[in-house]
Each structure stands twice: as structure tokens, then as C-alpha cells.
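Student: return atomic coordinates for the entry below.
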Amino acid sequence: MTQQQKPFPIPVSYFSISLGLLSLGLAWRTAAVRIGMPAPFGEIIILLGSLTWIFFIGVYLYKWLRRSDAAYTELQDLIQCCFISLVPITTILMGLGILPYSRSAALGFIAVGIAGCLLFAAYRSAGLWRGTHTFEATTPVVYLPTVAASYASAIALGTIGLTDWGMLFFGAGLFSWLGLESSILQRLRNAPALPAPLRPVMGIQLAPPFVGCAAYLSVNGRNIDWLVMLLTGYGLLNFIFLSRLLPWITEKGFFVSLWAFSFGLGSMATIGIKLYAATGETSIGILGLPLFWIGTALIALLALGTIHTILRGRFLIK
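Tutor: Alright, predicted model coming up:
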């Protein structure tokens, strides 16, 4: 086997590690502001997420410069190519991470990230309208270019005060989600089961309701209204379903691709803090702190599992 035929050791899907750390760090920053949690915790997590992002950006650029065959193969793969949208999505979250330190730099990251999301969605998702997709490839990864990207854009725009623009992106994400949901669930129910290495992508199923709820709260003035309740309820239902399936998903052990759960978990933590801050321990607010701590604990377990994978020499694709 020649060098050009070997798989590249770090796939673009590993950007989900940065995605999870940054989203959890932003949740802890929200907790520090809204309910007085220790501020350094969130900033440390954001720093870790930023360092991993810098590393993966460098690796991805190197892939295109020195292993363009591997990068192009990834781009053409019906499943793996959707993970490329994590590059601009994490760029947006990087902007949110540095916002308290440099607004001008943050706006630059956010603008580049949103533009990248739109360009890749036009390439990938619009391209599907030509009938080039397959039923077997209709997995939860197809949420990423339009749903996750639009929600991340809405969160960023709402955070910097452009709530009207943010609402446009929230609408784009919401209706993209509704349009894809039935097709994805039909594939998961009716087609042959996903192979074991691919099963962790089912964790992305947790993201649309929870990330969507976080996006909505960013653009609606933090009002805990009926739509927040609907999205949280569906998110919790998906969490219960995925918890029941977790032994099957992890049948072959821990995969780094389990970070697919992390954007949903980080957003779940954010929603928990906002619910608790708005309503306290009365009514629905009683769910707030459990959601926050469960999201935090599970992302911490993903981090520990990844460290174990690195120590065992199983982090790189061989």
C-alpha cells in the first residue's frame, strides 16, 4: 500500500471535539454570569476548545496542501463530507469564545464562520436536490450543513445583538430540521442497521432540539415561552431514546466519533442554566441544574475516553 492510499490519520469529524469543548465552555460562562458559578471554569474549557481548534485547523490545512487526495476523498464521501461544516461552525464558536476579550476579532471569526456555513450548505445540501444522495447515507450527519450551521449562526448573531438577523438563521435551521427529520428517522428505522463504527453519529440526533432551543433563546430576549418548552421536551425525549440505545451504539467500545453527542450536550447544559436562572426551582426550572450537570458530566466522560484512546495509541486512524 502506497502513502497516497493510506487513510489520513485525523478525519475532519474530529472537529467535534472542539465543538463540544467550546459549547460546554460557553455554557459555563453563561452559568458564571447568570447564577454565579466560578468564572475560571468556563474560560479554561473555552481555552482547551480553542487550542484543539487551532490544532485541527492546522491539520486540515495540511491535509489539503500535502494530502489533497485524502481531503478530496473526504469531500466526495456522502457521509463524511457533512462533517466539513464543523470547520465553519467551530469558527463561529471561536468567535463567541473570544468575544469578551476582543470584539473586533470575535466579529471577524463570526463573519467568516457564517459565510463558510452558507457556502458549504450551498455546495453540499443544495447539491442533494439533484438526486445524488442515497437512502443509506441519510444519517443524522446531514443535519450539520444546514441545521447545526444555521443554529450556530443564530446563537452568534443573537449574542452580538443582531437578533433580527439571528431569527432569520433560526428559521432556516428550524425548517431545515423539520424537512430532514422524517427522512432520517425513516432510514434509521427501515434500512439495515448502521455499522458499529458509524453508530456514534446517532448522537447528532440530540442536537437539533437542544441547539435549536439555545438559538431561539439567543434571539427571543431569553423568554421562556411555549417554543422553549416544546424544544426542550423533544430534546429530552431524544436523550431518553439515545440513552436506551447507548449499549448498542458503543457495542464495539469507545470511538472518538462519540463526540457527535457533544453539541447537543453542551447546548443542553446552556438551556439548563437559562431555565434555572429564569424560573429558579419552581415549575419547569427544577430541570435546569440537572440538565446543566448531566451535560457537563457526559462531555467530561467523552474527554476522559479520548485521553484514554490517545494513551492506548488508538486516536489516529490507521
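
Student: for the rest of this, base every contact and every neighbour count on C-alpha atoms.
Tutor: Fine.

Student: ok, residue 163 touching residue 222?
Tutor: No: taking contacts as CA atoms under 8 Å, residue 163 lies outside contact range of residue 222: 11.2 Å.

Student: between those two, who's got more neighbours?
Tutor: residue 163 (21 against 14; other CA atoms under 10 Å).

Student: for the more buried one, which non-adjacent residue is closest in space?
Tutor: Counting by CA to CA, 6 or more residues apart in numbering, residue 219 is the residue found nearest to residue 163 once chain neighbours are left out, at 4.8 Å.

Student: you'd agree the one you found is up against residue 152?
Tutor: No: the criterion here is CA under 8 Å, and residue 219 misses it with residue 152 at 11.7 Å.

Student: list phi and psi for residue 99.
Tutor: phi -50, psi -40 (degrees, to the nearest 10).

Student: so what's the residue count around it?
Tutor: By other CA under 10 Å, neighbour count at residue 99 equals 18.

Student: all numbers from here: first residue = 755
Tutor: New numbering, starting at 755: the last item is residue 853.

Student: quick check: it vs residue 846, distance?
Tutor: 11 Å (CA to CA, to the nearest Å).

Student: ok, residue 764 next?
Tutor: 22 Å.

Student: for residue 933, same thing?
Tutor: Distance from residue 933 to residue 846, by CA to CA: 24 Å.

Student: do residue 830 as well
Tutor: For residue 830, the distance to residue 846 - CA to CA - is 24 Å.

Student: quick one, strands of the stretch 805-954 of the chain?
Tutor: Ranges of strands in the stretch 805-954 of the chain, per DSSP state E, counting those that start in this stretch: none exist.

Student: which residue ranges of it form helices?
Tutor: In the stretch 805-954 of the chain, the segments counted as helices under DSSP state H, counting those that start in this stretch are 822-830, 840-852, 857-878, 903-913, 917-944.

Student: how about JSON lines for the ones you listed, with distance to residue 1062 added?
Tutor: JSON lines is the format used below for the helices of the stretch 805-954 of the chain (distance: least, CA to CA, whole Å):
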{"stretch": "helix 822-830", "distance to residue 1062": "26"}
{"stretch": "helix 840-852", "distance to residue 1062": "24"}
{"stretch": "helix 857-878", "distance to residue 1062": "31"}
{"stretch": "helix 903-913", "distance to residue 1062": "30"}
{"stretch": "helix 917-944", "distance to residue 1062": "30"}
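
Student: want to try a markdown table for those, with mean pLDDT as columns?
Tutor: A markdown table is the format used below for these (pLDDT from 0 to 100):
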| stretch | mean pLDDT |
| --- | --- |
| helix 822-830 | 94 |
| helix 840-852 | 98 |
| helix 857-878 | 97 |
| helix 903-913 | 98 |
| helix 917-944 | 96 |
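
Student: quick one, which of these gets closest to residue 800.
Tutor: Residue 800 sits nearest to helix 840-852 of all the helices of the stretch 805-954 of the chain, at 6.2 Å, using CA to CA.

Student: for the closest one, packing partners?
Tutor: Contacts defined by 3 or more CA pairs under 8 Å, 6 or more residues apart in numbering; DSSP states H and E place helix 840-852 against helix 769-789, helix 793-820, helix 857-878, helix 903-913.

Student: done for today, thanks.
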